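Engineer: Need coordinates for the following:
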Amino acid sequence: MNKIVYDAMSDAYTAYHAADNAAAILVKNGYKELFEHEDMKFERGGKYFIRRGGSALIAVNIGDISYYNYKIVASHLDSPALKLKYSPVVKTGNMGKLNVETYGGGIISTFLDVPLSIAGKIYVKRNNEIAALTYTDPHVYVIPNVAIHMNRALNDGYKYNLQTDLMPLFGLNADENYFNVLTGEETVGYDLFAVRATKPFFAGVHDEFYCAPRIDNQVCAFSSIAALTESNVRGVAVAFLADNEEIGSKTAEGADSDFLKKTLKAINKSLGMDRTAFDKAVARSLMVSADNAHATHPNQPQLSDPTNSSVMGGGIVIKHHANKNYTTDGLSSALFEQIMKAAGVKTQHFFMRSDLRCGSTLGAISLSQLALKSVDIGLAQLAMHSSLETMCADDTDSMVNGLKAFYEAHFERTESGYKLQ
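Structural biologist: A predicted model of the protein is given here:
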């Protein structure tokens with residue numbers, strides 16, 4: 001398994017933590033942080049990153065621009081979780097609980113009877129400043145199931161009540177102010193989540209399976225950062241790590257924002273290019289929307305398409321959908337697959353069963369902001385949106401190597417398609 005990806009995921013409890021970890025990798029590799037509230041200036045040969053809202057990040061590596069285009073890998077950092085409400089402590093008898101609401105579409109039962117951490121952002125008052133801090137509660141919490149003796153429906157399709165069944169236990173006789181107890185500072189706001197606290201581990205007779213919280217979609221996000229830092233890029237190489245994909249992307253940090261377009265325009269201006277040059281560069285570009293795919297489940301193989309299912313260990317998955325839940329078309333698929341073939345990276349194709357509803361991802365949403373030729377890819381995984389997911393460990397190397405090949409490839413737009421050098 002790719003070491004950069006493994007290390008970065010080990011404590012990336014939320015999108016805030018993941019963005020911090022990505023930034024640390026970039027700084028270590030000579031990338032300079034720029035800020036949206038200041039003048040953002042990019043130079044030829046420069047390496048930069050910008051954060052927005054603490055939970056989204058864009059990294060840029062400007063290579064040879066004799067043929068000016070953008071090579072963009074877009075992914076997301078958020079995963080389903082339980083978000084703390086304000087005034088979170090609820091008393092029942094001598095027991096304190098934490099009041100939460102669901103974030104995204106998780107498999108609810110997988111958040112019960114497992115170790116949980118409270119993590120995210122807190123905002124503390126220090127003199128006249130409100131300071132934002134990435135925070136991880138040092139304690140472990142749990143949401144206990146009702147015993148089978150008290151709820152015989154648990155194994156018969158019991159539907160969990162999102163208000164009453166999902167409150168983590170805070171403590172005995174616990175009616176204290178949650179934040180003053182734990183931080184020792186005056187907390188004036190927060191964006192905190194109850195998330196699976198389990199550390200990643202390997203499973204299987206040969207340790208071939210990688211099991212971890214938040215595989216969807218931190219694996220693709222950190223793979224794009226690893227690939228970017230290792231590549232001898234051509235054109236303008238970009239890794240866009242968005243937030244809020246799991247809730248529709250319609251936020252300032254999401255794919256349906258001006259973050260990517262604004263950054264590309266700032267690059268264009270800094271390089272001395274005009275609007276016409278920008279429009280031409282966009283038309284020459286390719287975006288890779290990297291978000292994981294469903295592997296064929298060994299216990300339920302009939303849920304996969306009969307001829308276009310994906311398997312763990314099969315390399316990068318190219319995802320297709322007739323109604324454009326995925327952005328791939330025949331041309332973008334062919335271009336990406338040929339780049340992978342030249343690099344010796346395995347690929348496979350995924351279509352959803354025609355009688356099952358297909359999910360969507362950030363690629364199609366990003367195109368509402370910037371009209372780019374695009375291909376949707378991912379790695380095959382099991383238990384997507386569980387609090388603990390499973391994939392093939394070696395597939396992370398396929399993703400990093402594949403994205404590196406993409407960043408280093410030279411392709412030119414022609415009247416009929418693309419020409420690969």
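Engineer: doesn't Val195 make contact with Val140?
Structural biologist: No - in this structure, Val140 sits apart from Val195 without contact. The criterion is CB atoms under 8 Å, and the distance is 11.4 Å. C-beta coordinates here come from the backbone N, C-alpha and C atoms, glycine included.
Engineer: More neighbours: which of these two?
Structural biologist: Each of Val140 and Val195 has its neighbours counted (other CB atoms under 10 Å); Val195 has more, 27 against 12.
Engineer: Test my guess that Ile72 contacts Ala290.
Structural biologist: No - using CB under 8 Å as the test, Ile72 is too far from Ala290 to be in contact (10.1 Å).
Engineer: Compare these two and say which is more crowded by neighbours.
Structural biologist: Comparing Ile72 with Ala290 by other CB under 10 Å, the one with more neighbours is Ala290, at 31 against 26.
Engineer: so that one sits right up against Met399, yeah?
Structural biologist: Yes - counting by CB under 8 Å, Met399 is a contact partner of Ala290 at 7.5 Å.
Engineer: what residues do the two have in common as contacts?
Structural biologist: A shared contact of Ala290 and Met399, defined by CB atoms under 8 Å, 6 or more residues apart in numbering, is any residue touching both; here these are 220, 223.
Engineer: Low-confidence bits of the protein, can you list those?
Structural biologist: Under the criterion of pLDDT under 70, the regions of the chain flagged as low confidence span 175-183, 363.
Engineer: again, only this time at 90
Structural biologist: 126-127, 173-188, 323-326, 354, 356-371, 421 (pLDDT under 90).
Engineer: domains of it?
Structural biologist: 3-79+213-420, 81-196 (automatic domain parsing).
Engineer: right, so these: which one is the most enclosed?
Structural biologist: Among these, ranked by average contacts under mean count of other CB atoms under 10 Å, first place goes to domain 3-79+213-420 (a mean of 20).
Engineer: what are the bridge partners for the residue nearest to Thr136 when sequence neighbours are not counted, then?
Structural biologist: Once flanking residues are discounted, Thr136 sits nearest to Ala119: 4.5 Å by CB to CB, 6 or more residues apart in numbering. With DSSP bridges as the criterion, Ala119 is bridged to Thr136, Phe193.
Engineer: Pretty sure Phe193 is one of the things Ala119 touches, is it not?
Structural biologist: Yes - counting by CB under 8 Å, Ala119 touches Phe193, with 6.2 Å between them.
Engineer: Spit out the residues that contact the two alike.
Structural biologist: Shared contacts of Ala119 and Phe193, counting by CB under 8 Å, 6+ apart, come down to 13-14.
Engineer: Assess the claim that Met391 and Ala295 are in contact.
Structural biologist: Yes - with the criterion set as CB under 8 Å, Met391 and Ala295 qualify as a contacting pair; they are 7.5 Å apart.
Engineer: Now do the shared contacts for these two.
Structural biologist: Any residue near both Met391 and Ala295 by CB under 8 Å, 6+ apart counts here, and that gives 312, 380-382.
Engineer: ok, which stretches of the stretch 151-300 of the chain are strands?
Structural biologist: Listed in chain order, the strands found in the stretch 151-300 of the chain under DSSP state E, counting those that start in this stretch are 169-172, 187-196, 201-203, 209-212, 236-242, 286-290, 293-294.
Engineer: Among the shared contacts of Met391 and Ala295, which ones are in strands?
Structural biologist: Residues of the shared contacts of Met391 and Ala295 located in strands (DSSP state E): 380-382.
Engineer: on that earlier part again, which of the shared contacts of Met391 and Ala295 sit farthest apart?
Structural biologist: Using CB to CB, these reach their maximum pairwise distance at Ala380 and Leu382, which is 8.1 Å.
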